[in-house]
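S.K.: Based on what follows, work out the 3D shape:
(chains A and B)
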Protein chains: 2
Amino acid sequence: MTMATVAKYDMFELEMEAGIWSGQTGKERALLEDIAVFWRVEDGVEQERVAVSAFRKNRDYYAARFLPMCEGEWRYEIRTPGETVRGGFLCEKARDGVHGPVTTDGDRFRYADGARYIPFGTTCYAWTHQKKELQEETLETLKHSCFNKIRMLVFPKFMPYNQEDPEVFPFEQREDGSWDVTATMDAYWENLDLRIARLGELGVEADLILFHPYDRWGFAHLTQEDSLFYVKYMIARYAAYRNLWWSLANEYEMLYDKSMDDWDAYGELLAKKDPYHHLISVHDILNPYPKRDWMTHASIQSGDVHRVGLWRERYGLPVIEDEFGYEGNLEFDWGNLSAFDFVDRLWTVVCRGGFGTHGETFHRDDEVLWWGKGGKLYGQSERRMAFLKDLLYSLPGEGHGFIAKNRDPNQEQEDGGARPEDLAFGRLLERTPEENKGGLISMQPMLLAAKDWRLRYFGRTCPYIMRDELPEGIWKAEIINVWEMTRETLADGLSGKVGLRLPAKPGMAVLLTRM
Amino acid sequence: MTMATVAKYDMFELEMEAGIWSGQTGKERALLEDIAVFWRVEDGVEQERVAVSAFRKNRDYYAARFLPMCEGEWRYEIRTPGETVRGGFLCEKARDGVHGPVTTDGDRFRYADGARYIPFGTTCYAWTHQKKELQEETLETLKHSCFNKIRMLVFPKFMPYNQEDPEVFPFEQREDGSWDVTATMDAYWENLDLRIARLGELGVEADLILFHPYDRWGFAHLTQEDSLFYVKYMIARYAAYRNLWWSLANEYEMLYDKSMDDWDAYGELLAKKDPYHHLISVHDILNPYPKRDWMTHASIQSGDVHRVGLWRERYGLPVIEDEFGYEGNLEFDWGNLSAFDFVDRLWTVVCRGGFGTHGETFHRDDEVLWWGKGGKLYGQSERRMAFLKDLLYSLPGEGHGFIAKNRDPNQEQEDGGARPEDLAFGRLLERTPEENKGGLISMQPMLLAAKDWRLRYFGRTCPYIMRDELPEGIWKAEIINVWEMTRETLADGLSGKVGLRLPAKPGMAVLLTRM
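M.R.: From the prediction side, this is the model:
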């Protein structure tokens, strides 16, 4: 017998004829919990066993999906009515360019195989609910963009510029108008399968949003029991995609039916049942979700981008500003940033040690806005995002942001050596209520630094000089114009205390690299 | 006997030969508390009596100063050693252009005689400690500017760009280096007298800062007893200037010797002893001073300008953003705003219902920066401030800012009629901790409105359309470019629900006026 083969980080899917389970009703019509077990065999010894649920894939088949994270021989057993199906496959090395799921490393990210991953995501909430041609156009745009993550909804969206019903709904509707979450609509989920797979081939992480409030159909009002069932179904169906991230919500506070306990239950369920530990976050409208053990990173909505430094400290996790405003011209202030403002906020977020997400909202009479439906990009921020992405990937090692607690905001120098609590700024920070810390932090330098480089961004400030005290070694300084995307040498052969003359205009950054 | 005459709101000063008090020591060398009483006589009936302290003016004279706020016959008595001096004067109508002290009216200001006053102040902390020629140059610059208020320190300043000792100190120094606050140095105070008078003639309010932390001489470390004595001396000497405002501190939190009780004691003393009830405020670095009964308005330092709307609600007093950043190019982030940013913040403050203060900090090798020492202006923001000032004064009546609590940030329309707590935004506002409200408020319209006009500013946002529902009547819409200082008609004959096409770029305002 020749064993099936699958590349590491590619999905292994086992289809089973639906007829076997034709008698199922209720929840088991859609989901067969933990009926499969997968394990690796190394030198004849069984490794840890992973339980997997099967789900109704379509009229003809149920499926069990598994994502092999290690090369070698894998085996499985599936309990079906009447018999236990046994089998195995050989997991070979990953295909070129495939690095596995993204995971965290302190307050940074990386792929499972250790390769670098720096999120430069975008937002197309309802792109999978549009006509096929438009979905294809969205994929084509993504292919030629810098984006390596996309925020997208499972459920359809109702909001300005998003007024239509989708062609198909995720579940069957009962006569009373409620949704039967056990009666999944094949076309809806098969399309989502296809779209997540296509994103994976493009190297784009699908940051999949499980719940959201912009709804007129009732998906925001599922009971907690139905919601939990739906989450289990999502794990069974989507966890085996390597490019999947779980986002519990878009704007969790706006889902007034759900309590914090409800949210925690989803987070705990995902952390426990997802065998591959995909990333888990919750997006807010105003109040970033409190830190939880199941949370892998903070997904924040706020235009107050300087706070990234504080959130990084508060969470001790990577911080993605998933919504700091979109480039566009809408009448709503979440969707009418100038391109310069967008780029400025992005650099601020990054140089404060976080990551930023793109969105575009230019009014169109046909209502096809990138942020909602995908399609084409019309703005000026994506290529500037690409410039920053290329810059960061070109530098050795991951940078880290920090807050210089011992810097006196009114003097030239850091007060070296003294205890923070003895210094004016340290004392201020202690005495300052949370609500005012944004202002305090905004006056501290924006600096992303690694061992051999320091990237300092000046934002809208216009200093005529940058002073710094360089670590040991000889350094080179380049000035970067974040809008013009230019990079020019200011000086090299630098060491110790330096003073670099700057052009005193907005949108400047200085890159210091060790020579 | 011909009675002396003095115009209403002009200072009446009575000089008394110092010889009478030659035996005085200690505190009474500088200040003779409550030795004078002034009262008005109307139809032969004495009106309320006002107690006034005399102070040592110079080597030759003590003086008692009084500011008549009503026309008519005034009388006084002064207790001197050996005799009670009696006299009187006739207070005639105010000179042209003189309107008396500025007072408050709800969250707006006005002059004592009811004339309009909208603060458009600037900042020259240490201008009176510079050489005479430079002080004259500062006055010349003020004369040709739009500024009608100036923030200035009593005590000299030590900070970057302010390194020199003043030519003369306010008090004599004891052998141990401490200051004898009862031994006032004539030249110091006579110069301050002259400067405040000159400002008065220019129509500029002197927002006089009593304490500040940027000190290497010890004035920030006076004992509380000496501090209170100094405040009493200041009342005796300066309360009779009509153009005087009391600012207890620049950055009160940075004066680590002083407790909140100490600050309250100064505020209470001023409120009680200043017969003319000049305006009283305290300037912060990060934490706006809590509301107090003695406080007449909020004097705030914060770059988070959208919070003006919240502060206005919290204080129920006028809010002046006395420091939201200075136009300039310093290495310090409090002093390197672009001119556009300065103008944008000013409009934001004003259209959120507050008032904003100017400052300019362009690096110069001679260290003569307007913000510290006065001199000349080099920036581009003053004339744009003048443009806004002229605009506001040209409109009928005072505008008021407001926060639309019932506006859903994600939809086109206000949810008319419903109770705020029933609406998404109202519920959000309730649940949002103070630290995050800035973000919430920043998404609400910036609107300054009076009965017959509405001024809406769009800041850095770039909407392609402005929707509004106009009050009864027929309206005209003009678009204002706050940087170019242009004003063009968009449409007239407007009524009811309107949608106005905008150019979708930063720095736009729309003025709606009832036709």
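
S.K.: And for the closest residue to A:T184 other than its chain neighbours, the neighbour number?
M.R.: Spatial nearest neighbour of A:T184, excluding adjacent residues (C-beta to C-beta, 6 or more residues apart in numbering or on different chains): A:A30 at 5.1 Å. C-beta: built from backbone N, CA, C; applies to glycine. Residues near A:A30, counting by other C-beta atoms under 10 Å in any protein chain shown, number 23.

S.K.: Might you report the residue contacts of A:A30?
M.R.: A:A30 is in contact with A:F55, A:R56, A:V181, A:T182, A:A183, A:T184, A:F229, A:Y233, counting by C-beta atoms under 8 Å, 6 or more residues apart in numbering or on different chains.

S.K.: Going through these, which ones are buried?
M.R.: By neighbour count, with 16 or more other C-beta atoms under 10 Å in any protein chain shown, those hold A:F55, A:R56, A:V181, A:T182, A:T184, A:F229, A:Y233 as buried.

S.K.: Need the three-state assignment for the last one.
M.R.: Okay, so that is A:Y233. helix (DSSP: H, G, I helix; E, B strand; the rest coil).

S.K.: Hmm, it is touching A:Y188, no?
M.R.: No - using C-beta atoms under 8 Å, A:Y233 is not in contact with A:Y188; the gap is 12.0 Å.

S.K.: Could you list the low-confidence segments of the stretch 351-500 of chain A?
M.R.: A:404-426, A:429, A:438-439 (pLDDT under 70).

S.K.: in it, which spans are strands?
M.R.: A:355-356, A:360-361, A:400-401, A:446-449, A:453-457, A:465-469, A:475-481, A:486-494, A:497-501 (DSSP state E, counting those that start in this stretch).

S.K.: between the contacts of A:A30, which is closest to chain B?
M.R.: For those, the residue nearest chain B by C-beta to the nearest C-beta is A:V181; the value is 25.6 Å.

S.K.: Report the buried residues of stretch A:38-58.
M.R.: A:F38, A:W39, A:R40, A:V50, A:V52, A:S53, A:A54, A:F55, A:R56, A:K57.

S.K.: out of those, what pair is the most spread apart?
M.R.: The largest separation in these, counting by C-beta to C-beta, is between A:R40 and A:R56 at 27.6 Å.

S.K.: Need the residue closest to the centroid of chain A.
M.R.: With distances taken as C-alpha atoms, centre = their mean, A:D207 lies nearest the centre of chain A, 5.1 Å away.

S.K.: I'd assumed that one was in a helix, is it?
M.R.: No - counting by three-state DSSP, A:D207 is not part of a helix but strand.

S.K.: That one touches A:W245, doesn't it?
M.R.: Yes - the pair A:D207 and A:W245 qualifies as a contact (C-beta under 8 Å) at a distance of 4.4 Å.

S.K.: list residues touching both of these two?
M.R.: With C-beta under 8 Å, 6+ apart, A:D207 and A:W245 have common neighbours A:K149.

S.K.: Quick one: the helices in chain A, in order.
M.R.: A:132-143, A:186-201, A:224-238, A:260-273, A:308-315, A:339-351, A:370-373, A:382-394, A:424-431, A:434-442 (DSSP state H).

S.K.: In contact with A:R501, which residues?
M.R.: A:R501 touches A:Y464, A:I465, A:L490, counting by C-beta under 8 Å, 6+ apart.

S.K.: which stretches of chain A aren't confidently modelled?
M.R.: For chain A, the ranges with pLDDT under 70 are A:1, A:404-426, A:429, A:438-439.

S.K.: Quick check: chain neighbours aside, which residue is closest to A:E15?
M.R.: Per C-beta to C-beta, 6+ apart, closest to A:E15 is A:Y61, 4.4 Å.

S.K.: Tell me the bridge partners for that neighbour.
M.R.: A:E17 (DSSP bridges).

S.K.: The one 4 residues further on too?
M.R.: Taking DSSP bridges, one obtains A:E13 as the residues bridged to A:R65.

S.K.: Report the separation between it and chain B.
M.R.: To chain B, A:R65 is 36 Å away according to C-beta to the nearest C-beta, to the nearest Å.

S.K.: Surely that residue is in contact with A:A236?
M.R.: Yes - using C-beta under 8 Å, A:R65 is in contact with A:A236, at 7.3 Å.

S.K.: which residues are in contact with both of the two?
M.R.: A:V52.

S.K.: Who has more neighbours out of the two?
M.R.: A:A236 (27 against 23).

S.K.: any idea how far that one lies from chain B?
M.R.: 33 Å.

S.K.: repeat for A:Q444
M.R.: In terms of C-beta to the nearest C-beta, A:Q444 sits 8 Å off from chain B.

S.K.: How many residues are close by that residue?
M.R.: A:Q444, neighbours per other C-beta under 10 Å, totals 19.

S.K.: That one touches A:L428, doesn't it?
M.R.: No - between A:Q444 and A:L428 there is no contact under C-beta under 8 Å: 11.4 Å.

S.K.: thinking A:F324 is in contact with A:S302, fair?
M.R.: Yes - with contact defined as C-beta under 8 Å, A:F324 and A:S302 form a contacting pair (6.5 Å).

S.K.: Now do the contacts for the nearest residue to A:M3 once chain neighbours are set aside.
M.R.: Nearest residue to A:M3, sequence neighbours excluded (C-beta to C-beta, 6+ apart): A:L90, at 4.8 Å. Shown in contact with A:L90 (C-beta under 8 Å, 6+ apart): A:M3, A:A4, A:T5, A:V6, A:G72, A:E73, A:W74.

S.K.: ok, and the most crowded of those?
M.R.: Neighbour max across the contacts of A:L90 (other C-beta under 10 Å) = A:W74, 23 neighbours.
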